[in-house]
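> with the sequence up front, the predicted model follows.
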Amino acid sequence: AVFDPKSFTLMLLPIIIFESGYNMKTKGIFFKNIGTILIYAIFGSLFSAIATGLVLSALFSLGLFDPISMSTIECLIFGSLIAATDPVSTLAVFGALSVEPMLSMIMFHLAYEECDVSYGESVINDAVSIVMFNTMSKFLLTPMSFLAICDAVWTFLVMFLGSTVIGAIIALLCCLVLKYVRFPSVVLETIIVFLTAYLAFELTESCELSGITASLACGITMNYFGLRNLPKEGQEFSQRAVKVASSVADTLIFFQVGENVFLKETIFDVPWKLVLAVFVIIIVVRAVMIFGFTYLINLKRTKSKISVNSQIMMVHAGLRGAIAYSLALVFPSHNQEDVTRVTMWIVILTIFTQGCSTYDMLHFLSIPLHCNYDTNPQNAEGRKKRSVMASSGTFAAKLTAWIEDRVIPFFTNEQKEIDQPLLKSVRRD
């Protein structure tokens, strides 16, 4: 079975990424740890992709995986796609057990969202991995040189930052629509949310930028501003509808993986040496990345340092899934079939070995469970009190105050205005 890459890109991928941001719950903890999250998600993903690619290139040069042969550029492209983490299983367990919020948010941003299936590590990591995959693919046609590397870095920055801006602008325009237009049902409001998600993706792709990054930025912006313009029943309905659509899309992708592995392939077709080598490499590289970057991060953190147990859990949560598989389907070389086979088995191995052992690992590492934190995105008092987003007196605190006092009122309604009925009944004497 061959999954049509165009169908995946246009129909399934946007809603998966959008849901990661739209259903984000612990926004305060997310923004408070945004620096740490971005370090892991951007620099950590770049390190993982490059390190994985270079190690594989060295092993291929030794002829360990004959008859398969891959150039250094191909290895770096493969490193980019396999760096896309997808801790769906881990995050599902995290959400069910209410794992300490800081650990949840940090992890969900390095890869994809998820106390829910989408909160920290995974979310931004996916966007970074896809942008890097597209950037590195250009080297297959362009000889590597200093100017080419500078061009690639510039392309990466333009794609990432430009896509983020476009996604956020489209979401803010939708917020204004939801603010000034009254819809008679929550279904219509939810349709507007879906259209916004796909519009951000398609418009950004038409500009030859990263639709994935735009979808993520759109989802986070809609979560922070758009939900404030919906009545409480509209908030719940739209978030559940987006979650269901995302889960269906994810299920279709994993169904394809299972179908290919168990119905269309035989174990003799799988390059097992390469699969096991990649499995070991990604675990080791992730461990080096997590412990190395965390050491530097903890040097600057005066409070809430990331513990060793949390770091081990972050290493353990590096599952691979839908994004890595989708990129393997469009791998730009004659090794596409072998790359797809390897990626499918990496997805299966990480899910069954790491995902299924998440619950036991949490208990073994004594990670705090059943933590209570406000997950209501529309706390009526949220605008009056300074949340955990920033300490008072800092630049972040001033920026937060400006957003709450100026930006939020411009793009949103007061909750009491939203909850008023569309048509007021006329009282007859």
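Received the coordinates, thanks.
> what pLDDT is listed against Pro377?
Looking at Pro377, its pLDDT is 44.
> for Ser71, what are phi and psi?
phi -80, psi 170 (degrees, to the nearest 10).
> and Val181, what is it in contact with?
Not one residue lies near Val181 by CB atoms under 8 Å, 6 or more residues apart in numbering. The way it works is simple: take the backbone N, C-alpha and C, and place the C-beta from them, glycine included.
> ok, it to Leu173 distance?
Here Val181 is placed at a distance of 12 Å from Leu173 (CB to CB, to the nearest Å).
> name the helix or strand of the protein that has the lowest mean pLDDT.
Within the chain, confidence by mean pLDDT, DSSP states H and E is lowest for helix 101-111 among all helices and strands, at a mean of 49.
> tell me the helix or strand right after that helix.
Later in the chain than helix 101-111, the nearest helix or strand by DSSP states H and E is helix 121-137.
> pLDDT of that next one, averaged?
Rounded mean pLDDT across helix 121-137 is 79.
> tell me the helix or strand right after it.
As the chain continues past helix 121-137, the following element, by DSSP H and E, is helix 146-180.
> centre of the chain versus that next one, how much separation?
Per CA atoms, centre = their mean, to the nearest Å, the displacement of helix 146-180 from the mean C-alpha position of its chain is 16 Å.
> surely Thr204 and Ser163 touch.
Yes: between Thr204 and Ser163 there is a contact under CB atoms under 8 Å: 5.1 Å.
> mutual contacts of the two, please.
Common contacts of Thr204 and Ser163 (CB under 8 Å, 6+ apart): Ser210, Gly211, Thr213, Ala214.
> farthest-apart pair in those, please.
Farthest-apart pair in the shared contacts of Thr204 and Ser163 is Gly211 and Thr213; separation 7.4 Å (CB to CB).
> what is in contact with those two at once?
Each of Ser163, Thr204 lies in contact with both Gly211 and Thr213 under the rule CB under 8 Å, 6+ apart.
> residue ranges in the stretch 201-350 of the chain under the pLDDT threshold?
When residues are selected by pLDDT under 70, those of the stretch 201-350 of the chain lie in 264-265.
> quick one: which of the shared contacts of Thr204 and Ser163 has the most company?
Among the shared contacts of Thr204 and Ser163, the one with the most neighbours (other CB atoms under 10 Å) is Ala214, at 34 neighbours.
> just to check, it is in contact with Ile170?
Yes: Ala214 is within contact range of Ile170, at 7.5 Å (criterion: CB under 8 Å).
> between these two, what contacts are shared?
By CB under 8 Å, 6+ apart, Ala214 and Ile170 have these common neighbours: Ala200, Leu203.
> next, the buried residues of stretch 260-279.
Buried residues in stretch 260-279, counting neighbours by 16 or more other CB atoms under 10 Å, are found at Asn260, Val261, Val270, Pro271, Leu274, Val275, Ala277, Val278, Phe279.
> likewise stretch 161-171?
Across stretch 161-171, burial judged by 16+ other CB under 10 Å covers Gly162, Ser163, Thr164, Ile166, Gly167, Ala168, Ile169, Ile170, Ala171.
> was I right to think the fourth one contacts Leu209?
Right, Ile166. Yes: look at Ile166 against Leu209 with CB under 8 Å: they come within range, at 6.8 Å.
> which residue is the nearest non-sequential neighbour of Phe291?
Leaving aside its sequence neighbours, Phe291 sits nearest to Gln311 (CB to CB, 6 or more residues apart in numbering; 5.8 Å).
> actually, Thr221.
Nearest non-adjacent residue to Thr221, counting by CB to CB, 6+ apart: Ala171, 3.6 Å away.
> what does Leu274 give?
By the measure of CB to CB, 6+ apart, the closest residue to Leu274 outside its immediate chain neighbours is Phe65, 4.8 Å from it.
> contacting residues for that neighbour?
By CB under 8 Å, 6+ apart, the contact list for Phe65 reads Leu59, Pro271, Lys273, Leu274, Ala277.
> what about the residues you listed, which are in strands?
Assigned to strands by DSSP state E, none of the contacts of Phe65 qualify.
> now those residues in CSV, with distance to Asn23?
Below are these laid out as CSV (distance: CB to CB, whole Å):
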residue, distance to Asn23
Leu59, 40
Pro271, 38
Lys273, 40
Leu274, 36
Ala277, 36
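> now, those residues that are in helices?
Leu59, Lys273, Leu274, Ala277 (DSSP state H).
> on that earlier part again, including distance to Glu189 and secondary structure, could the shared contacts of Thr204 and Ser163 go into JSON lines?
Shown next, in JSON lines, are those (distance: CB to CB, whole Å; DSSP: H, G, I helix; E, B strand; the rest coil):
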{"residue": "Ser210", "distance to Glu189": "27", "secondary structure": "coil"}
{"residue": "Gly211", "distance to Glu189": "23", "secondary structure": "helix"}
{"residue": "Thr213", "distance to Glu189": "25", "secondary structure": "helix"}
{"residue": "Ala214", "distance to Glu189": "21", "secondary structure": "helix"}
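> counting neighbours, what do you get for Leu54?
Neighbour tally, Leu54, other CB under 10 Å: 15.
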